[in-house]
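# structure of the sequence below:
(one chain, ligands or ions: 3)
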Amino acid sequence: MSDSIFEGSVGEEHFIAKTNTFVEVILPIATPKPTYTYYVDEQHLDQVQFGIRVEVQFGKNKLYSGIVAGIHDKLPKSHTPKAIVNVMDDEPIINQTQFRLWQWMASYYACTLGEVMNAALPANLKLSSETRILLNPDYGDDFSDLNDREYLIAEALTLQAELKIEDVRKIIGQYTVYPLIKKLLEEGVLYLKEEMLEKYKPKTVKCVRLAVPYRNQEELLDEAFSKLSRSNRQVEALMAFIQEARKEGDVSKVKIQEIAGVDSSVTRAIEQKGIFEFYDKEVSRISKYGKDLDAITSLSDQQISALTELRTQFEEKNVVLLHGVTGSGKTRVYIEVIQAALARGEQVLYLLPEIALTTQIIMRLQKMFGDKIAVYHSKLNSNERVEVYKSASAGAPILIGPRSTLFLPFKNLKWVIVDEEHDGSYKQHDPNPRYHGRDTAIYLAHLHGAKVLLGTATPAVETFHHTKTGKYGIVTMKERFGGSVLPKLEIIDLKDQTKKQQMQSHFSLPMIEGIKATVAAGKQVILFQNRRGYSPTLRCESCGWSSECVHCDVTLTYHKHTNKLQCHYCGYAKDIPKECPACGSAKLHMQGFGTEKVEDDLKVYLPELRVSRLDLDTVRGKNALLNIIQDFEERKVDVLIGTQMVTKGLDFENVGLVGVLNSDMTLSYPDFRASERGFQLLTQVSGRSGRGKERGTVMVQAYDTNHPVLQEIGTADYGSFFAREIQERQAFKYPPYHRLIKVTLKHKKPSVLNTAAKIYAHFLRNKLGDRVIGPAIPSVSRIRGYYLLDIMIKLELNAKLISFAKKQLHAAAQDVHSERGFSTVRINVDVDPN
Ligand code: ADP
Ligand code: ZN
Ligand code: ZN
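Ligands and ions are numbered 1, 2, ... in the order given. I've put the predicted structure just below:
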């Protein structure tokens with residue numbers, strides 16, 4: 001084919017096309033089209049390939065780093081494409097399989113490729129006009145290795161904490177700066193500003209070696225020992241060194257001190273005597289697991305048969321559910337699966353619900369697998385994230401993390417383990433893509449020809465349904481490891497307790513007695529209240545006024561610690577009014593209670609107990625979570641009070657009692673998953689009790705003591721819970737029998753919102769009939785100043801219908817946005833809401 005000659009424009013310059021090569025580029029923003037066509041001029045011709053980043057102009061004057069998703073020779077008919085400005089990579093940063101996953105997600109979750117790209121790539125790989133750069137303090141102030149332009153940027157950053165891309169352009173007097181910034185990022189001179197920036201982890205560890213002459217002449221060691229002979233502790237430390245030095249690699253100073261049981265004054269003393277020499281060893285930014293690995297424990301009979309059963313099931317099925325009661329030892333089974341995979345050289349992805357809550361599991365796995373594990377979590381800084389990202393494509397054996405870990409560029413992925421597969425935090429609520437980590441992982445595995453192991457004590461209704469239909473396999477572990485039995489359940493009737501006047505604040509008499517007896521017997525207690533703060537409502541007794549957020553349709557929660565009323569949706573906070581703003585009465589009282597109040601009250605009724613609290617408010621600091629867990633593990637605390645954070649996979653062996661203070665609240669979510677969530681939450685929290693040798697107890701305080709879920713958790717009877725629940729799902733056209741799509745429209749003006757929602761619903765109803773429900777006002781009808789309306793769509797499981805419906809959603813949105821004054825209505829589409 002001959003070169004097509006045409007004219008186009010980039011900014012001000014004109015160019016004559018000399019090639020007929022075009023690329024399709026995904027931009028990291030929500031755009032109407034999946035990709036945009038750009039022209040490749042001669043200069044970049046041999047550099048473009050699939051998966052690399054190119055710098056392109058989009059919109060009026062914005063530059064983005066987009067990804068090349070395709071190369072072709074078709075000149076677009078509608079317009080003359082702009083030329084790419086720069087090629088940023090020599091090698092692709094995504095592979096074809098990742099791209100196929102992105103495409104699937106964009107289509108399944110009804111969003112754009114750019115939005116998927118945005119979620120998928122670590123920040124450092126996405127430069128845009130909004131990017132801000134900072135100097136990396138670890139790099140130091142020696143800029144002698146930098147070239148002139150690099151130096152100018154670094155120098156500017158010593159004077160000014162951060163720079164915008166705009167500033168960089170001015171400083172070096174040129175328009176295109178991404179390649180330069182990219183290089184500085186890779187060299188560790190810069191990093192990108194992010195909202196939650198954790199302090200940099202040190203890149204070096206202090207190591208110890210023998211000083212000359214001892215290093216080269218072993219026979220002099222005797223002399224060294226005699227120099228130290230007056231201090232036992234120094235001798236110990238030298239022995240520890242010799243022992244460690246026999247192993248491979250460098251010997252860390254901390255390690256020696258640990259083995260010898262001495263502090264740094266001892267190693268320093270040896271250094272001063274000219275026997276030790278200290279040096280800094282560079283380590284990867286991805287923190288290494290420095291400790292000895294645990295020996296592997298032998299499997300229980302139940303675990304052995306589960307593994308045999310898994311092997312058989314995986315011969316036929318690609319997805320198998322490991323349904324094991326709490327404490328059955330599922331983690332040990334995962335470990336076995338991982339080891340077998342590693343022996344075959346296969347890569348493993350291990351997904352966990354929110355990472356902060358599962359430190360215990362990661363620590364357990366690290367004790368097994370050490371540095372074979374790369375953890376990909378939000379607390380890594382942007383450079384570290386890129387390192388883990390790259391390590392995946394280099395074939396790192398085990399990648400572990402929350403849902404976003406599934407975006408890594410896997411090399412030889414053969415196993416995906418989804419731990420606690422039922423957990424709601426696998427779903428991304430905001431922003432797009434609103435994807436489910438478990439479901440996306442199953443598609444990812446399909447693309448790689450990998451197997452998926454889903455594990456939980458309380459399967460999602462959808463998952464269990466798939467085992468019933470034969471789509472997934474299932475392996476069950478009914479008993480707890482080590483013969484401990486599931487706890488005994490006691491339901492406490494709060495109506496009855498109130499009548500008998502036995503309530504002390506929110507504690508029934510049996511609960512108080514139970515806590516006392518448990519602690520007296522040397523055991524620990526976990527108390528669960530699914531609400532943080534002190535009290536969720538401040539109400540006026542005279543006129544009924546209650547303190548509400550100015551931006552959201554919710555009451556403000558009183559936090560005693562800060563002595564403020566706070567909004568849990570938008571963070572708004574204000575002081576407590578002395579009198580009712582509506583009627584002036586001074587009779588304001590607190591209604592309802594959260595974890596903070598439980599803690600406070602308990603200190604009043606049982607002052608001798610050591611109490612600690614685990615909720616969003618107490619885990620804000622860097623190591624706060626770890627400290628709370630460790631203190632409880634080390635039995636420095638008698639009673640741990642918490643929100644649903646205490647339900648998530650924690651394994652403490654000394655817990656004798658779990659108390660649920662208000663089960664009614666947990667069982668009354670206003671949606672079709674209320675029962676499911678309640679069952680899961682209560683079973684999981686109960687599962688923390690009696691993991692040691694003696695049987696534990698669970699006490700549940702309830703007004704509605706006849707709720708079926710309360711009976712079902714008592715017998716840990718997932719079967720009867722499921723049988724009841726699945727019937728309702730079928731009868732009311734809910735998943736897994738129907739697919740749900742929830743559309744939320746938002747606007748600051750209620751009138752605009754109402755009309756927009758009507759137009760939208762009307763449009764859809766014309767196409768989809770009574771599958772469209774709403775618009776309806778959600779239970780929280782205003783958040784951060786935006787009014788909300790929900791439209792729910794219930795679709796039969798028919799692929800054609802579903803894809804037709806998604807197209808209509810798009811068209812309906814366009815219909816709304818084309819009306820005058822309605823372009824600012826936000827329309828969020830959530831496929832499989834939960
Ligand atoms: P689950 O995840 O199924 O709730 P865990 O994996 O936390 O259960 O196991 C429960 C407890 O039993 C843990 O303390 C774990 O260390 C212990 N355990 C499980 N399997 C073994 C084994 N084979 N050998 C020794 N301890 C085990
Ligand atoms: Zn009042
Ligand atoms: Zn608010």
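# excluding chain neighbours, give the residue nearest to residue 86 in space.
residue 55 (3.9 Å; CB to CB, 6 or more residues apart in numbering). Where C-beta positions appear, they are placed from N, C-alpha and C, glycine not excepted.
# secondary structure element for the one you found?
Taking DSSP states H and E as the definition, residue 55 sits inside strand 53-58.
# what is the helix or strand that that strand is followed by packed up against?
Using DSSP H and E, the next helix or strand after strand 53-58 towards the C-terminus is strand 62-72. If contacts are counted by 3 or more CB pairs under 8 Å, 6 or more residues apart in numbering; DSSP states H and E, strand 62-72 sits against strand 22-26, strand 53-58.
# winner for burial among the ones you listed?
Comparing these by mean neighbour count (mean count of other CB atoms under 10 Å), strand 22-26 ranks first with a mean of 24.
# pLDDT of stretch 511-529, averaged?
With pLDDT averaged residue by residue, stretch 511-529 scores 95.
# contact residues of this protein facing ligand 3?
If contact is defined as CB under 5 Å from the ion, the residues of the chain in contact with ligand 3 are 549, 551-552, 567, 569-570, 572.
# out of those, which is nearest to residue 165?
Within the residues of the chain next to ligand 3, distances to residue 165 taken as CB to CB reach their minimum at residue 570, with 29.8 Å.
# could you measure that closest one against residue 577, distance?
Going from residue 570 to residue 577 by CB to CB, to the nearest Å gives 19 Å.
# so which residues of the stretch 601-750 of the chain form strands?
Listed in chain order, the strands of the stretch 601-750 of the chain (DSSP state E, counting those that start in this stretch) span 611-614, 639-642, 655-660, 697-702, 738-747.
# surely the residue nearest to residue 86 touches residue 180?
No: the pair residue 55 and residue 180 fails to qualify as a contact (CB atoms under 8 Å) at a distance of 11.0 Å.
# name the residues of the protein found near ligand 1, please.
With CB under 6 Å from any ligand atom as the criterion, the chain comes near ligand 1 at residues 297, 299-300, 303, 324, 326-332, 481-482, 651.
# just the buried ones from the residues you listed?
By neighbour count, with 16 or more other CB atoms under 10 Å, the residues of the chain next to ligand 1 hold 299-300, 303, 324, 326-332, 481 as buried.
# which bits of this structure sit near ligand 2?
Taking CB under 5 Å from the ion as the criterion, the contact residues of the chain with ligand 2 come out as 540, 542-543, 545, 580, 582-583, 585.
# restricted to buried residues, select those in ChimeraX.
Selecting the buried subset of these in ChimeraX, with 16+ other CB under 10 Å as the burial test, is done by:
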select :540,545,580
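# what is the nearest of the residues of the chain next to ligand 2 to residue 727?
Distances from residue 727 to these, taken by CB to CB, are shortest for residue 545, at 43.5 Å.
# do me a favour and get the end-to-end distance for stretch 822-834?
Start to finish, the residues bounding stretch 822-834 are 28 Å apart (CA to CA, to the nearest Å).
# for it, buried residues please.
Taking 16+ other CB under 10 Å as the criterion, stretch 822-834 shows 822, 825, 827-834 as buried.
# could I have the helix or strand that contains residue 151 exported to PDB, CA atoms only?
Secondary-structure assignment from DSSP H and E places residue 151 in helix 148-159. This file holds the C-alpha atoms of helix 148-159, laid out as PDB (Å, rounded to 0.1, in the frame of the first residue of the first chain):
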ATOM      1  CA  ASP A 148      21.400  19.600  32.600                       C
ATOM      2  CA  ARG A 149      17.600  19.400  32.300                       C
ATOM      3  CA  GLU A 150      17.300  16.800  35.000                       C
ATOM      4  CA  TYR A 151      19.400  18.900  37.200                       C
ATOM      5  CA  LEU A 152      17.100  21.900  36.700                       C
ATOM      6  CA  ILE A 153      14.100  20.000  37.800                       C
ATOM      7  CA  ALA A 154      15.800  18.500  40.900                       C
ATOM      8  CA  GLU A 155      17.200  21.900  41.800                       C
ATOM      9  CA  ALA A 156      13.800  23.500  41.500                       C
ATOM     10  CA  LEU A 157      12.400  20.800  43.900                       C
ATOM     11  CA  THR A 158      15.000  21.700  46.500                       C
ATOM     12  CA  LEU A 159      13.500  25.200  46.600                       C
END
